[in-house]
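Student: got a sequence here, can you build the structure:
(2 chains, ligands or ions: 1)
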Amino acid sequence: MVNALRFRDDSAHEEPAVTFETFLGQTNATAVRLEPGDDARELIPHLDRLALIEVSFPKFRDGRGYSAARILRESGYTGELRASGDILVDQILYLRRCGFDSFIADAELDEAAVDRALGRYGDVYQKAADGRSPVWALRHG
Amino acid sequence: MYKYDQYDQTIVDARVEEFREQVGRRLSGELSEDQFKPLRLMNGLYLQLHAYMLRVAIPYGTLDSRQMRMLAHIARKYDRDYGHFTTRQNLQYNWIKLEDAPDILADLASVEMHAIQTSGNCIRNISSDQFAGAAADEVEDPRPWAELLRQWSTFHPEFSYLPRKFKIAVIASDQDRAAMRLHDIGLQVVRNNKGETGFKFYVGGGMGRTPIVAPLISEFVPATDLLSYTEACLRVYNRYGRRDNIYKARIKILLHEIGADEYRRQVEEEFAHVKTLGLDPPASEFERIAAHFAPPAWESGLPDTVDRSNVDFAQWVDQNVTAHKAPGYAVVTISLKPIDGIPGDASSAQIDLMADLAETYSFDELRVTHAQNIVLPNVRKADLLTMWQKLVDAKLADANIDLVTDIIACPGLDYCSLANARSIPVAQKIAARFADPARQRDIGELKLKISGCINACGHHHAGHIGILGVDRKGTENYQLLLGGSGAEDASLGKIAGPGFDEDGIVDAVERTIEKYRDLRQEGERFLDTYRRVGMDPFKEAIYG
Ligand code: SF4
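Tutor: All right, here's what the predicted structure looks like:
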């Protein structure tokens, strides 16, 4: 059982994430933390100097962070994208598909269950931020 | 009809196994009910007043006899020998045991069915016109587009934790048989002046506590942009829809608060970005799906007349049979509204019989309507009489489609844990009051819709006459609404005045209808008269 999961090969970023407001007010931070109401698009001009963007999920039901993640990945962000907070096994597949590649969960996660959840669906119906080809692409070679 | 390929089947099978594992964790006590709840809700399993309820998706209301028979089999084996067809063209079982749910899903998967996204704050089953493919007035069959949307929305990673549930309807005629503008997104397939296919996008309709008829957000979205544009609509909602209050979380409230123009501007901006991502499948994928919906091999040269010498049969034809686009064929609606029955309920034996009729007489196809009836879309006129006789034997021949006893009613307090009042007994009392077929025919088209609480599953806002169950100091009370419509002339009913008890509401409905009979002019339906004269004369008749 673990609280943290990481799906990246690089080493973890050391600098603590600053709040979104602090980040926009100061120019040298390389890690930022978004709350559900923060507008991820405002980070777009600064993406090349960010190494870690942490997106907070105070409640798993609040799905705004899924859109934030996709917007960041669609804008070319390649650094660590971390989901933190109320993260449950059954959300991790969707979070991964939206571009998250690390997790810090409030409650411990069963790694075997996470593996099973991530491997469950061999194919997906739609394009997202994980580069997987949707079935319509596979059907038409 | 659409048939799964290996991809579709593998995905649905994987879902069954996933749910089996989740149920196992719940039964062993590893998961608490609190932790299990969001998981079972993703599979249409609700905990109701007396038992678990399982909602099965019937995509765009279309199914074949094999699937219909499986619904009967499940009702017989795991439930109390009946099922309930819902206003969202789905089917619900009311008496399910948790430990049986995985086996039921496996049975469904064996006939290309599932319960995916029939609950939860995600994109729900796509609904459509029950006459799709057979209606004379359609631009084309809307169901291939609905199937494309079904696949796109299935396990959509970004839109599975929306502020609230999300319902999409697709139609392809000017006549709206699916209450399209009362959906979160309503799509109408149209052609532009170059003959290209596209969609009118209506966004932000809905019923519930704050009923709203959806405004037009785009006049024409080209077919090649369908998924990107829908994705943009949903993303704006996912980011900015309210999450602080469950009653203000539907997309209609977002549109209401920021205005349709501002919402459109945001969607256009998002679309400009989303369109660059390559989310729309190639035309070949649409063609692959559309090929499954090719019209059946209608025979030519069939007689186009019906022998009306049997009076009961002729009356059934007048009420339950609709014009078909192919000469010699007809669209049949089987009423699930017998006078003493429960609206939308059918026994296993009746479900099996309807499957048999579809196989023999309707190119193996059935539809579920949002009015909780069943359609056989492709029946030869020459077969109507024989088929009707079989329906009579099965007590499925009520000739009351769109008449006052063709009542839409939600399950209400007899089953539903959210209900304030019972819907079913009210529907039954009203049906009994107007049981005389001649009286019903004299009254003419009258859509009566009953909900057991403000959530409006019984579409009461869209009823020519609507009834809403409320809780008044601990007793069941019923409000009367007049003048709603879910059709192309969509409008919302207005509350007539103070509410009634169960018998009082039946009397109030009768006084309303008698007033209409006094006031009506040649050819006017109840709704037309109401729109001409307004609420006052009715109010006086009801409360005077
Ligand atoms: S309208 Fe209310 S009572 Fe009726 S089914 Fe919906 S939630 Fe239950």
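
Student: helices or strands next to the helix or strand containing B:V392 in the packing?
Tutor: Secondary structure from DSSP states H and E places B:V392 in helix B:384-393. Counting contacts by 3 or more Cβ pairs under 8 Å, 6 or more residues apart in numbering or on different chains; DSSP states H and E, helix B:384-393 is packed against helix B:311-320, strand B:329-334, helix B:348-361. Using the backbone N, CA and C atoms, a C-beta is placed for each residue, glycine as well.

Student: apply 10 Å and report the result again.
Tutor: Contacts defined by 3 or more Cβ pairs under 10 Å, 6 or more residues apart in numbering or on different chains; DSSP states H and E place helix B:384-393 against helix B:311-320, strand B:329-334, helix B:348-361, strand B:374-380.

Student: list the buried residues of it.
Tutor: For helix B:384-393, the neighbour count (16 or more other Cβ atoms under 10 Å in any protein chain shown) marks B:384-385, B:387-388, B:390-391 as buried.

Student: can I get the helices and strands packed on helix B:384-393 in a markdown table with mean pLDDT and distance to chain A?
Tutor: Converted to a markdown table, the helices and strands packed on helix B:384-393 look like this (pLDDT from 0 to 100; distance: least, Cβ to the nearest Cβ, whole Å):
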| stretch | mean pLDDT | distance to chain A |
| --- | --- | --- |
| helix B:311-320 | 98 | 38 |
| strand B:329-334 | 98 | 32 |
| helix B:348-361 | 98 | 29 |
| strand B:374-380 | 98 | 27 |
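
Student: can you put those in CSV and add distance to B:S110 and mean neighbour count?
Tutor: As requested, the helices and strands packed on helix B:384-393 are exported to CSV (distance: least, Cβ to Cβ, whole Å; neighbours: other Cβ atoms under 10 Å in any protein chain shown):
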stretch, distance to B:S110, mean neighbour count
helix B:311-320, 32, 17
strand B:329-334, 26, 24
helix B:348-361, 16, 21
strand B:374-380, 22, 24
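
Student: please convert these to JSON lines, extending it with distance to A:R120.
Tutor: Listed next are the helices and strands packed on helix B:384-393 as JSON lines, based on distance: least, Cβ to Cβ, whole Å:
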{"stretch": "helix B:311-320", "distance to A:R120": "45"}
{"stretch": "strand B:329-334", "distance to A:R120": "39"}
{"stretch": "helix B:348-361", "distance to A:R120": "32"}
{"stretch": "strand B:374-380", "distance to A:R120": "35"}
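
Student: those: which one's closest to B:A232?
Tutor: strand B:374-380 (33.8 Å; Cβ to Cβ).

Student: and the closest residue in space to A:F7 that isn't next to it in sequence, backbone torsions?
Tutor: Take A:F7 and drop its neighbours on the chain: the residue closest to it by Cβ to Cβ, 6 or more residues apart in numbering or on different chains is A:D101, 4.5 Å away. With angles defined as degrees, to the nearest 10, A:D101 sits at phi -130, psi 10.

Student: residues near A:D101, how many?
Tutor: For A:D101, the neighbour count with other Cβ atoms under 10 Å in any protein chain shown is 19.

Student: quick check: it touching A:I92?
Tutor: No. A:D101 is not in contact with A:I92 according to Cβ atoms under 10 Å; the separation is 11.1 Å.

Student: identify the contacts common to these two.
Tutor: A:5, A:7, A:83 (Cβ atoms under 10 Å, 6 or more residues apart in numbering or on different chains).

Student: wait, which of those is closest to chain B?
Tutor: Using Cβ to the nearest Cβ, A:A83 comes nearest to chain B of these, at 12.0 Å.

Student: against chain B, how distant is A:A117?
Tutor: From A:A117 over to chain B the distance is 8 Å, taken as Cβ to the nearest Cβ, to the nearest Å.

Student: over in the stretch 301-450 of chain B, which residue gets nearest chain A? Let me know.
Tutor: B:L418 (18.2 Å).

Student: secondary structure element holding that residue?
Tutor: Using DSSP H and E, B:L418 falls outside every helix and strand.

Student: so in chain A, which helix runs the longest?
Tutor: Among the segments of chain A that qualify as a helix by DSSP state H, the longest is helix A:64-74.

Student: in that helix, what's buried?
Tutor: Buried, per 16+ other Cβ under 10 Å, within helix A:64-74: A:64-74.

Student: just the helices in chain A please.
Tutor: Using DSSP H, the helices assigned to chain A run over residues A:20-25, A:64-74, A:89-97, A:111-119, A:135-139.

Student: so which elements touch the longest one?
Tutor: Pointing back at helix A:64-74 there. strand A:31-34, strand A:52-57, strand A:80-85, helix A:89-97, helix B:226-240, helix B:260-274.

Student: follow-up on the earlier one: from the buried residues of helix B:384-393, which is closest to the ligand?
Tutor: Proximity of these to the ligand (Cβ to the nearest ligand atom) peaks at B:L391, which lies at 28.0 Å.

Student: how about the contacts made by that closest one?
Tutor: Going by Cβ under 10 Å, 6+ apart, the list of residues near B:L391 reads B:316, B:320, B:332, B:334-335, B:350, B:353-354, B:357, B:376, B:397-398.

Student: now pLDDT too, for the buried residues of helix A:64-74, in TSV please.
Tutor: Listed next are the buried residues of helix A:64-74 as TSV, based on pLDDT from 0 to 100:
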residue	pLDDT
A:R64	98
A:G65	98
A:Y66	98
A:S67	98
A:A68	98
A:A69	98
A:R70	98
A:I71	98
A:L72	98
A:R73	98
A:E74	97
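
Student: how about the residues of the stretch 51-200 of chain B near chain A?
Tutor: By Cβ under 10 Å from any Cβ of the partner chain, the residues of the stretch 51-200 of chain B that approach chain A are B:120-122, B:148, B:150-163.

Student: noted, bye for now.
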